[in-house]
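# Okay, structure incoming, though there's no sequence with it:
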Ligand code: R5P
């Protein structure tokens, strides 16, 4: 890895722990104004101090986030689909590498839809993005998207997706936690972070998810709804930090929810 690429990765995964707590607020690119993210700038204001990186689109970055923000940006560069459209998997690159550099992004992110009719298109987009990222020293985060098919999230499918993403050159992969997650992590030679998915029943369920993922090999979280849709968003992100960076137990971290 060249110096620029290494430097950007070390801003995303803290050198002290090798891990990261990233806050994802990119959902609007296909979901529109979902609950509690109607005003992204307001939603993240109390949370940025506890966040190692912010994942979002160029539209929200330019319009809702102050340019004095001092945390790394993971720029979502894929899109072109919507929740009411014919196929969520029909996604392509819609933000250029030049834009990512102009916006001082520390990484770019795109979704890949393996096993769908658009598998080839999204994997070729990953390859091309990695080629461009290598040219400029910008890491690529591949997101193993499942669209509406949440039941797909098992170790066999996610293991396949994560391995393919890393083989095609992604510097980091974002996936879901699942049973036998350690098998997924072991077979993925680049840092793996987990999404939270739709809001879980309780706050402790979220902490358990984060705890198990870290214990089984994840290098961090890139979570959204389970943090900013919580009535205790600050408590949630603080507790998740404690698990990710301090290897705290669910019980210890849970004390920060109070
Ligand atoms: C989803 O497509 C987005 O990329 C989100 O960044 C990702 O799903 C993480 O957010 P959440 O924890 O809400 O699932």
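Yes, it's here. In this text, all values refer to a predicted model and were calculated from it rather than measured experimentally.

# Could you look up the SS state of the spatially most central residue of the chain?
The C-alpha lying nearest the average C-alpha coordinate of the chain belongs to residue 222 (CA atoms, centre = their mean; 3.7 Å). Under the three-state scheme (DSSP: H, G, I helix; E, B strand; the rest coil), residue 222 adopts strand.

# Next up, the contacts around the residue of the stretch 1-150 of the chain with the smallest separation from the ligand.
Relative to the ligand, the nearest point of the stretch 1-150 of the chain is residue 24 (3.2 Å; CB to the nearest ligand atom). Heads up, the C-betas are built off the backbone N, CA and C, glycines and all. Contact analysis of residue 24 by CB atoms under 8 Å, 6 or more residues apart in numbering lists 55-56, 195, 222-224.

# Excluding chain neighbours, what is closest to it?
Nearest residue to residue 24 in three dimensions, chain neighbours excluded: residue 224, at 3.8 Å (CB to CB, 6 or more residues apart in numbering).

# quick one, strands of the stretch 151-258 of the chain?
Here the stretch 151-258 of the chain has its strands, by DSSP state E, counting those that start in this stretch, at 172-175, 192-194, 220-223.

# ok, back up a step: the residue nearest to residue 24 reaches residue 29, doesn't it?
No. Using CB atoms under 8 Å, residue 224 makes no contact with residue 29, being 12.0 Å away.

# What about residue 1, how many residues nearby?
Per other CB atoms under 10 Å, the neighbour tally for residue 1 reads 12.

# no wait, residue 246
Neighbourhood size, residue 246 [other CB under 10 Å]: 12.

# list the contacts for it?
Contacts of residue 246 by CB under 8 Å, 6+ apart: none found.

# Now find how far off-centre the lengthiest helix in the chain is within its chain.
Counting residues, the longest helix found in the chain (DSSP state H) is helix 119-136. Helix 119-136 sits 17 Å away from the centroid of its parent chain (CA atoms, centre = their mean, to the nearest Å).

# buried residues in it?
For helix 119-136, burial by neighbour count (16 or more other CB atoms under 10 Å) applies to 122-123, 125-126, 129-130, 132-134.

# What parts of the chain come near the ligand?
Proximity of the chain to the ligand (CB under 6 Å from any ligand atom) is limited to residues 24, 26-27, 55, 143, 145, 195-197, 222-226.
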